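Q: predicted model and sequence follow; I will ask about them next.
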Amino acid sequence: MSARLNWLLVGLAVLIAAAPMILGLPGEYGGADDRAKSAIEETGYQPWFQSVWEPPSGEIASMLFALQAALGAGVVGYVIGRLQGRRERLK
Amino acid sequence: MHIMEGFLPAGHALAWTAVSAPFVFVGVARLRKVLRDRPEMRLTLAAAGAFAFVLSALKLPSVTGSCSHPTGTGLGAMVVGPAATTVLGTIVLLFQSLLLAHGGLTTLGANVFSMAVAGPWIAFGVWKLAGRLGAPVGLAVFLGAALGDLGTYVVTSAQLALAFPDEISGYGGAFAKFAGIFALTQIPLAIAEGLLTVVVMNALVGRQIKLEVRA
């Protein structure tokens, strides 16, 4: 498949993620996981176990999420580059 | 789709752990075999795990006015097989429950089942079926990844409905409630994951990389 088509697909994915904001759809934009948590708490359920460790602040949590994504993206990029290089050598 | 720490009754938590454990054990054996028989798969395997790492860290806004994240496990299911992908997904979930307080150890079994067992197997099944029905490779990959992602959230909704049936409308009502939170939000994100999976698959697949995998 052509590089142009790839960029088109990436652009489309970005557009899907940005659409709610572009269209100005109403909402809190909180996490669905947290909404489910609230829905469970409404039934009167009490969690019986707490997280072993919690990031002390939202900043630290977002840093760890960014780190997770960065590590993953780094490895994906490395592998794609390696494979591309291997293919060019084989030509 | 992360069920938070302590948010499943102990019996349910234990039962899901028991259901998921064999998949993890078989997955580890499968992963070992792949690495032994085809060491050239190491890079592809790393990319599949890393892709799940990236996508499950991205919380994206959705049309329902809340945010959720893709799972990224469909790619793994197609390039290294669903069994090995269970191990990759479990590592991601363990990382998130220990370092991010996202998900949990008591709910790990349930979360592994939805994201690392059901998702990859749905993705694999849909991808194979679409291919057999004559769909172009790109479309088959897209459908597999998107439906695997969506399937994960449907399974989470069912798990929560089983644990917290509604007093009046029972399991059905509870499922509708949780699916309204999870599955609806997930539809556009699943489409985005499908598109990105096609792009990464295109970049990964070379002439010498075989894509036929056995589960």
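A: That came in fine, so what should we check first?
Q: tell me the centre residue of chain A?
A: A:Ala69 (7.1 Å; C-alpha atoms, centre = their mean).
Q: is it true that that one touches B:Val54?
A: Yes: using C-beta atoms under 8 Å, A:Ala69 is in contact with B:Val54, at 5.0 Å. Backbone N, C-alpha and C define where each C-beta goes, glycine included.
Q: wait, what's in contact with the residue of chain B found nearest chain A?
A: Per C-beta to the nearest C-beta, B:Gly65 is where chain B lies closest to chain A, at 1.6 Å. Residues in contact with B:Gly65 (C-beta atoms under 8 Å, 6 or more residues apart in numbering or on different chains) are A:20, A:25-29.
Q: show me which of those residues is closest to chain B.
A: A:Gly27 (1.6 Å).
Q: what is the burial count for the closest one?
A: Neighbourhood size, A:Gly27 [other C-beta atoms under 10 Å in any protein chain shown]: 14.
Q: is it fair to say it lies in a strand?
A: No: with DSSP: H, G, I helix; E, B strand; the rest coil as the criterion, A:Gly27 is coil rather than part of a strand.
Q: and residue 67, what element?
A: No chain specified, so I'll use chain A. helix A:58-90 (DSSP states H and E).
Q: chain B is the one I meant
A: B:Cys67 belongs to strand B:66-68, assigned by DSSP H and E.
Q: hang on, the earlier thing: next up, the contacts around the residue nearest to the centre of chain A.
A: Contacts of A:Ala69 by C-beta under 8 Å, 6+ apart are B:53-54, B:57-58.
Q: can we see that at 7 Å?
A: A:Ala69 makes contact with B:54, B:57-58, according to C-beta atoms under 7 Å, 6 or more residues apart in numbering or on different chains.
Q: before we move on, what about B:Asn111?
A: By C-beta under 7 Å, 6+ apart, the contact set of B:Asn111 is B:1-3, B:93, B:103.
Q: please list which of those residues are also close to chain A.
A: B:His2 (C-beta under 7 Å from any C-beta of the partner chain).
Q: got TSV for the contacts of B:Asn111, with distance to B:Ala10 too?
A: Formatted as TSV, those follow (distance: C-beta to C-beta, whole Å):
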residue	distance to B:Ala10
B:Met1	21
B:His2	18
B:Ile3	13
B:Leu93	19
B:Gly103	17
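Q: which of the contacts of B:Asn111 fall in helices?
A: Within the contacts of B:Asn111, residues falling in helices by DSSP state H are B:Leu93.
Q: residue ranges with poor pLDDT in chain B?
A: Flagging of chain B using pLDDT under 70 yields the residue ranges B:206-215.
Q: and the angle for the longest helix seen in it with helix A:58-90?
A: If you go by DSSP H, chain B has its longest helix at helix B:170-204. With axes from the mean of the first three to the mean of the last three C-alpha atoms, to 10 degrees defining the directions, helix B:170-204 sits at 40 degrees from helix A:58-90.
Q: what are the buried residues along helix B:170-204?
A: B:174-175, B:177-179, B:181-204 (16 or more other C-beta atoms under 10 Å in any protein chain shown).
Q: ok, now stretch B:127-147?
A: Neighbour-count burial for stretch B:127-147 flags B:127-128, B:130-131, B:135, B:137-138, B:140-147 (criterion: 16+ other C-beta under 10 Å).
Q: helix/strand/coil for the residue sitting furthest away from the middle of chain B?
A: What lies farthest from the middle of chain B is B:Ile168; by C-alpha atoms, centre = their mean that is 31.6 Å. With three-state DSSP as the basis, B:Ile168 sits in coil.
Q: B:His12 versus that one, what's the distance?
A: Per C-beta to C-beta, to the nearest Å, B:Ile168 is found 21 Å from B:His12.
Q: what does B:Lys59 give?
A: B:Lys59 is 26 Å from B:His12, by C-beta to C-beta.
Q: OK, contacts around B:Trp127?
A: Applying C-beta under 7 Å, 6+ apart, the residues contacting B:Trp127 are B:78, B:140-141, B:144.
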